[in-house]
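In: okay, sequence plus prediction incoming.
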Amino acid sequence: MERALFASGDFGKVSAQLQAEQCDHLLHADVLNSAIRDDAFSEERKHLVRVVDVPSRTLSMTLGGLNPGQATRLHRHNYETIIYVISGQGASQIEGREVSWRAGDAFYIPTWAWHRHMNRSESERVLYIACENAPMLQNLGIALREEA
């Protein structure tokens, strides 16, 4: 689906009525095992990442995984993140604070906070869902991410 881009001069084109947006796809089936994947992205991040491919312009969702003993790299970004832990247990370092978590927990990563996630188990894989407002900032041209 092609998206319209508007500039300041288009302000007068704001509609007085809403219409449901017609999206080309509303479902990304079986995200973990989907053919829609970018293994290079997981390799770059040094842990499992599966991007949920739906046409949201303001929110993103990814599935992340950490093998026993594995940790993400220390990084930060200017978009907010809420993480829900599906399975496993571990901890996150967030701006010098350690937050322990386990399956069923949700936690928040503030904007521009240095953080990393660690699987503390010796045998169980961690699987989590990360929801972020990155697309909104990307569409505004102001999304930033930095690795330590």
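Out: Okay, I see it.
In: now the farthest one out in this protein, which residue is it?
Out: Farthest-out residue of the chain from its mean C-alpha position, per Cα atoms, centre = their mean: Gly12, at 34.3 Å.
In: I'd like the distance between that residue and Gln19.
Out: Going from Gly12 to Gln19 by Cβ to Cβ, to the nearest Å gives 18 Å. (Each C-beta comes from the backbone N, C-alpha and C, glycine too.)
In: my guess is Arg116 meets Gln93, correct?
Out: Yes: applying Cβ atoms under 8 Å, one finds Arg116 in contact with Gln93, separated by 5.3 Å.
In: give me the common contacts of those two.
Out: Shared contacts of Arg116 and Gln93, defined by Cβ atoms under 8 Å, 6 or more residues apart in numbering, are found at Leu74.
In: give me the nearest residue to Ile129, chain neighbours excluded.
Out: Tyr84 (4.7 Å; Cβ to Cβ, 6 or more residues apart in numbering).
In: show me where the protein has its strands.
Out: Assigned by DSSP state E, the strands in the chain fall at 48-51, 60-66, 75-77, 81-87, 89-94, 97-102, 106-109, 115-119, 126-132, 145-147.
In: how about a markdown table for these, with mean pLDDT, distance to Cys23 and mean neighbour count added?
Out: Formatted as a markdown table, the strands of the chain follow (pLDDT from 0 to 100; distance: least, Cβ to Cβ, whole Å; neighbours: other Cβ atoms under 10 Å):
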| stretch | mean pLDDT | distance to Cys23 | mean neighbour count |
| --- | --- | --- | --- |
| strand 48-51 | 93 | 17 | 20 |
| strand 60-66 | 97 | 15 | 19 |
| strand 75-77 | 97 | 26 | 18 |
| strand 81-87 | 98 | 23 | 16 |
| strand 89-94 | 98 | 33 | 18 |
| strand 97-102 | 98 | 33 | 13 |
| strand 106-109 | 98 | 27 | 16 |
| strand 115-119 | 98 | 31 | 20 |
| strand 126-132 | 98 | 19 | 20 |
| strand 145-147 | 94 | 26 | 11 |
